[in-house]
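1. based on what follows, work out the 3D shape:
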Amino acid sequence: MPDLNLVFRRKDDIRYRVVGDEAIVVRQNAAEVLALNDVGARVLELIDADKTLAQVIATMSGEYDVRPDELANDVQRFVAAIRDAGIVVDVSEEVSEKVR
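-> Residues are numbered from 1 along each chain as shown. A predicted model of the protein is given here:
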């Protein structure tokens, strides 16, 4: 599972739009379309190359009625899955270099 201090961003070929209670994600380079539920859409919205995973989870903890440890575990697993699917990429090193 991804470390909570990592920073992610959507890959450049990813387009998404929230429609009703789900998000439609288009991976242009792979010619794939995926559907995410409202929680997955919120994670994707919050991943913006400016927040650590811990900050994403902290924001979501005020929005969902779930135990903090359960939310952290679920978000980490989800981010690992969308990272492996090529939807997001870890940019932690890029962000830390900008801070220097």
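2. how many residues are close by residue 48?
-> Residue 48 is flanked by 12 other residues according to other CB atoms under 10 Å. In short, each C-beta sits where N, CA and C put it, glycine included.
3. can you tell me how far it sits from residue 7?
-> Distance of residue 48 to residue 7, computed by CB to CB, to the nearest Å: 9 Å.
4. just the C-alpha atoms of the host helix or strand of residue 71, please, in CSV.
-> In this assignment (DSSP states H and E), residue 71 forms part of helix 68-84. This file holds the C-alpha atoms of helix 68-84, laid out as CSV (Å, rounded to 0.1, in the frame of the first residue of the first chain):
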residue,chain,number,x,y,z
PRO,A,68,-10.3,7.0,10.4
ASP,A,69,-8.3,3.8,10.2
GLU,A,70,-10.8,2.1,7.9
LEU,A,71,-10.9,5.2,5.6
ALA,A,72,-7.1,5.3,5.5
ASN,A,73,-6.9,1.6,4.6
ASP,A,74,-9.6,1.9,1.9
VAL,A,75,-8.1,5.0,0.3
GLN,A,76,-4.6,3.5,0.3
ARG,A,77,-5.9,0.3,-1.3
PHE,A,78,-7.9,2.3,-3.9
VAL,A,79,-4.9,4.6,-4.7
ALA,A,80,-2.7,1.5,-5.1
ALA,A,81,-5.2,0.1,-7.6
ILE,A,82,-5.6,3.2,-9.7
ARG,A,83,-1.8,3.7,-9.6
ASP,A,84,-1.4,0.1,-10.9
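5. list the buried residues for stretch 60-77?
-> By 16 or more other CB atoms under 10 Å, the buried positions in stretch 60-77 come out as 60, 71, 72, 74, 75, 76.
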